[in-house]
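1. Here is a sequence with its predicted model. Questions after.
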Amino acid sequence: SARIFAAEKVDPALFDDPENPISLAAIGRLLDRSVEVTGCQHFGLLVGQQGGLRSFGLVGVFARYSPDLQTALGRLGTYIHLYHGGQAVSLDVAGDVATLSYSIVQPGIKAVDQIEGGALAIFCNVIRGLSSRPSRPRCSSMRSKAQWCSPPTGCVVVGPTPRPTLTCSACSRGRSSRLR
């Protein structure tokens with residue numbers, strides 16, 4: 001892994017603290033090279049499975065102290081650009097089901113499917129970590145159907161969608177969405 005960081009001219013120490021800035025371009029290059037070297041087509045998902053609210057720095061702290069899960073996810077979507085630009089998150093709630101969509105909007109980024117897969121794995125962990133009741137978020141991705149999902153995140157393959165999405169029935173404002 002040190003060779004990959006060196007080849008892409010990225011200091012591995014940047015990942016020691018989530019407040020350290022790293023560009024989407026650098027993340028994309030690292031993931032692209034990692035997939036190339038390992039042959040693992042779901043590398044981004046594996047990286048994302050290690051993440052959680054801490055992955056979003058102070059924005060994650062702000063979300064953690066929300067009154068409910070819907071508000072926490074909404075805050076992540078609203079303020080994620082302050083932590084890291086070039087990405088878009090939206091939250092749509094219909095009845096008892098919330099759908100979170102994530103995409104890279106900055107042009108010229110490598111390994112977009114890997115970044116998006118990793119991000120949704122992080123969001124799966126966020127939902128499971130914050131929800132007061134067990135949740136099995138459902139994930140889908142248009143770009144990399146093979147990359148979804150594995151038992152540690154509790155995600156389930158749904159099928160292709162226009163944008164990578166995460167659907168969760170535990171995200172409504174009711175009692176079941178209280179934070180732990």
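-> On my side now, so go ahead.
2. Just give me the residue right at the centre of the protein.
-> By CA atoms, centre = their mean, the chain has its centre lying nearest to residue 119, at 1.9 Å.
3. Contact partners for it?
-> By CB atoms under 8 Å, 6 or more residues apart in numbering, the contact list for residue 119 reads 48, 87, 102, 164. Yep, even glycine has a C-beta here, placed from its N, CA and C like the rest.
4. Could I get the pLDDT score of the first one?
-> Going back to what we said before, that points to residue 48. Note on residue 48: pLDDT of 88.
5. And the second one, by the same measure?
-> We have a pLDDT of 88 for residue 87.
6. From residue 2, how far out is it?
-> Distance, residue 87 to residue 2, using CB to CB, to the nearest Å: 27 Å.
7. Tally up the residues packed near residue 99, please.
-> 18 (other CB atoms under 10 Å).
8. Specify the beta-bridge partners of it.
-> residue 92, residue 167 (DSSP bridges).
9. my guess is it contacts residue 164, does it?
-> No. Between residue 99 and residue 164 there is no contact under CB atoms under 8 Å: 11.0 Å.
10. Local confidence estimate at residue 160?
-> With respect to pLDDT, residue 160 scores 48.
11. Please read the previous query as pertaining to residue 175.
-> Residue 175 carries a pLDDT score of 34 in this model.
12. in stretch 74-92, what's buried?
-> Neighbour counts using 16 or more other CB atoms under 10 Å place 74, 75, 76, 77, 79, 80, 83, 84, 86, 87, 89, 91 of stretch 74-92 among the buried residues.
13. okay, and for the chain, where does confidence drop off?
-> Low-confidence regions of the chain, defined here as pLDDT under 70, cover residues 96, 132-163, 167-180.
14. longest helix anywhere in it?
-> Longest helix of the chain, by residue count under DSSP state H: helix 112-130.
15. can you give me the offset of that one from its chain's centre?
-> Taking CA atoms, centre = their mean, to the nearest Å, one finds the center of helix 112-130 at 3 Å from the center of the full chain.
16. which residue ranges form the helices in this protein?
-> Counting by DSSP H, the chain has helices at residues 2-7, 24-38, 43-48, 57-64, 69-83, 112-130.
17. Out of those helices, the one nearest residue 14 is which?
-> Between residue 14 and the helices of the chain, the tightest spacing by CB to CB is seen for helix 24-38, at 8.2 Å.
18. and for that closest one, what are the contacting residues?
-> Here helix 24-38 makes contact (CB under 8 Å, 6+ apart) with 1, 4-5, 7-8, 10, 40-41, 43-44, 47, 84-87, 104, 106, 108-112, 114-115, 118.
19. Sweet, I'm off.
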